[in-house]
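J.: below are the sequence and a predicted model; questions follow.
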Amino acid sequence: MRIRLTNIQVRANHGCWEEEAIIGGDYRVDVWLDGNFEVSAVNDDLTQTIDYVEVKELVYDEMSKRAKLIETVLVNIHQRMKKQFPSANLVGIRITKLNAPMGHQVESVSVEMEG
C-alpha cells in the first residue's frame, strides 16, 4: 500500500544566491511511503499506520533549515523519514523549486529520490 502526500506547499530560503536567503522562494514537496498498512485499514487504527500530519510537519521542519542546495534538503528529509517511519518499506520524496532564478525559460526545477 502507498501513502502519498502531494503538493505540500512551502516557502523556504534555499539557494546559492544571497537574495534567495533573504527573499525566499516557493517550493512543492511530494512524499510517498510504501508499507504494509492493511492491518491499520482493517482495524481502522491510526497508530498502526503513518500519520499524514507527522509527515507534513517533518517536511516543514526540514524545509525551514536553510541550505544552498535542494539536494541537501532532499537527503535530510529522506534520512529523517526513514528513521521516524521505520514501518515504511520505501520512502520517496520530490522537491520542486518553483520559479527558480534562471530567467523565465524554466518553470521549475526538481530533485527526487526513493529508497
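T.: Looks like it came in fine.

J.: strands along this structure, start to end?
T.: For the chain, the strands defined by DSSP state E cover 2-12, 25-35, 88-98, 108-114.

J.: now those as TSV including distance to Thr49, mean pLDDT and mean neighbour count?
T.: In this view, the C-beta of every residue, glycine as well, is placed from N, C-alpha and C. Compiled in TSV, those are given as follows (distance: least, Cβ to Cβ, whole Å; pLDDT from 0 to 100; neighbours: other Cβ atoms under 10 Å):
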stretch	distance to Thr49	mean pLDDT	mean neighbour count
strand 2-12	7	97	14
strand 25-35	8	96	19
strand 88-98	10	96	18
strand 108-114	19	94	13
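
J.: dump those into a markdown table; add distance to Leu74 as well.
T.: Formatted as a markdown table, these follow (distance: least, Cβ to Cβ, whole Å):
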| stretch | distance to Leu74 |
| --- | --- |
| strand 2-12 | 12 |
| strand 25-35 | 9 |
| strand 88-98 | 5 |
| strand 108-114 | 5 |
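
J.: what does the longest helix anywhere in the chain contact?
T.: Counting residues, the longest helix in the chain under DSSP state H turns out to be helix 70-84. Residues outside helix 70-84 that contact it (Cβ atoms under 8 Å, 6 or more residues apart in numbering) are 12, 14, 27, 29, 31, 33, 54-55, 58-59, 62-63, 65, 67, 88, 91, 93, 95, 97, 109, 111-113, 115.

J.: rerun at 10 Å
T.: The contact list for helix 70-84 (Cβ atoms under 10 Å, 6 or more residues apart in numbering) reads 10, 12, 14-15, 25, 27, 29, 31, 33, 50, 54-55, 58-59, 61-67, 69, 88, 90-97, 100, 109-115.

J.: try stretch 94-104
T.: 6-10, 12, 14-17, 19-20, 23, 25-32, 59, 62-63, 70-71, 73-74, 77, 106-114.

J.: residue closest to the middle of the chain?
T.: Val29 (4.4 Å; Cα atoms, centre = their mean).

J.: grab the nearest non-local neighbour of that residue.
T.: Ile8 (4.3 Å; Cβ to Cβ, 6 or more residues apart in numbering).
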